[in-house]
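J.: with the sequence up front, the predicted model follows.
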Amino acid sequence: MKIRPMLYFILILWATSSIGQQPVLEKNVREQLKRNDDNWGPNTQHFLSGQLGYGIILPINTNDSMAIRDNQSSNHWHLGWRYKLKLNNTFALGMDVQYQRQQFRIKQNKTLSIFSEGVEYDKQRLIFNAAGLGTYLRLNFGKRGNRLGHYLDVAGEMNYVFASRLKSQKKVDATQNNGSEKVTLIQSDLNYTRSIQSFAVIRSGWDKIAIFAKYRFSDIFIRSNDFYQNQPIPELPIITVGIEFSNWYVPYNTQR
């Protein structure tokens, strides 16, 4: 049997090469981890993380505003990345890039003459999909080690609405509608809504969880000669409150 001597020879070569490479590999790993710990981390000079947030649009209305339902069906979602630059132990600056989705569930009794053209629907929703860019100033509190710890963010956001829809649903008599019990009307690319939205944001967090409040400065609707007789459309509620979760991410092979 000539296979066994060959096998012994291969094992000896593998063991010899492993012993020779081990110090180099350990050295490279240690240097890389040290480099990342010094520069990238929750409480170091740079930090990058992913965010997932959910909020409820508060049904706060004034005399000239549009009413939304009180059952928490008007909501906000966002998903994106956040970068933080540490200035010192107290202050940091940062930037957000996000996808955001807003949904307003509209009460029919107050907006029947605006969106429905004389038809009362059972459900009516305005949906906005937007790409957002934001900046923030962070105040850190207490001892943190290499953690985010307790912080407070004061931020500003600018969103570009790339898709807008008005979705209306109504139950009907199936015998008079070819066997269907529901009619759904979807209108898209609404020319009476603005493409740019601006917000002020406050976040208070501890490590990977934060609560936030958003205040919309910009109006959603614009005047249109072809819509609502060229009159100002009543605005939607402007305050959103919610919770946000962070997924920590530290890039590797980052040079000083």
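T.: That came in fine, so what should we check first?
J.: closest to the centroid, which residue in this protein?
T.: For the chain, His78 is the residue whose C-alpha lies nearest the centre (C-alpha atoms, centre = their mean; 2.0 Å).
J.: where's it, which helix or strand?
T.: Element membership of His78 [criterion: DSSP states H and E] is strand 75-86.
J.: looking at this structure, which strand is longest?
T.: Secondary structure of the chain read by DSSP state E shows that its longest strand is strand 150-171.
J.: so which bits of that one are buried?
T.: Tyr151, Asp153, Ala155, Glu157, Asn159, Val161, Ser164, Arg165, Leu166, Lys167, Ser168, Lys170 (16 or more other C-beta atoms under 10 Å). The way it works is simple: take the backbone N, C-alpha and C, and place the C-beta from them, glycine included.
J.: again, but for stretch 125-140
T.: Neighbour-count burial for stretch 125-140 flags Arg125, Leu126, Ile127, Phe128, Asn129, Ala130, Gly132, Gly134, Tyr136, Arg138, Asn140 (criterion: 16+ other C-beta under 10 Å).
J.: what about the closest residue to Gly41 other than its chain neighbours, how many neighbours?
T.: Leaving aside its sequence neighbours, Gly41 sits nearest to Asn146 (C-beta to C-beta, 6 or more residues apart in numbering; 5.0 Å). Residues near Asn146, counting by other C-beta atoms under 10 Å, number 11.
J.: mind listing what Asn146 touches?
T.: Shown in contact with Asn146 (C-beta atoms under 8 Å, 6 or more residues apart in numbering): Asp37, Gly41, Pro42, Asn43, Thr44.
J.: rerun that using 7 Å as the cut-off
T.: Gly41, Pro42, Asn43, Thr44 (C-beta atoms under 7 Å, 6 or more residues apart in numbering).
J.: now swap in Thr90 and tell me
T.: Counted by C-beta under 7 Å, 6+ apart, Thr90 has contacts Leu139, Asn140.
J.: can you give me the strands for the stretch 1-150 of the chain?
T.: 46-57, 75-86, 91-105, 123-141, 150-171 (DSSP state E, counting those that start in this stretch).
J.: same list (the ones you listed) but as TSV, adding mean pLDDT.
T.: Formatted as TSV, the strands of the stretch 1-150 of the chain follow (pLDDT from 0 to 100):
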stretch	mean pLDDT
strand 46-57	94
strand 75-86	94
strand 91-105	95
strand 123-141	94
strand 150-171	93
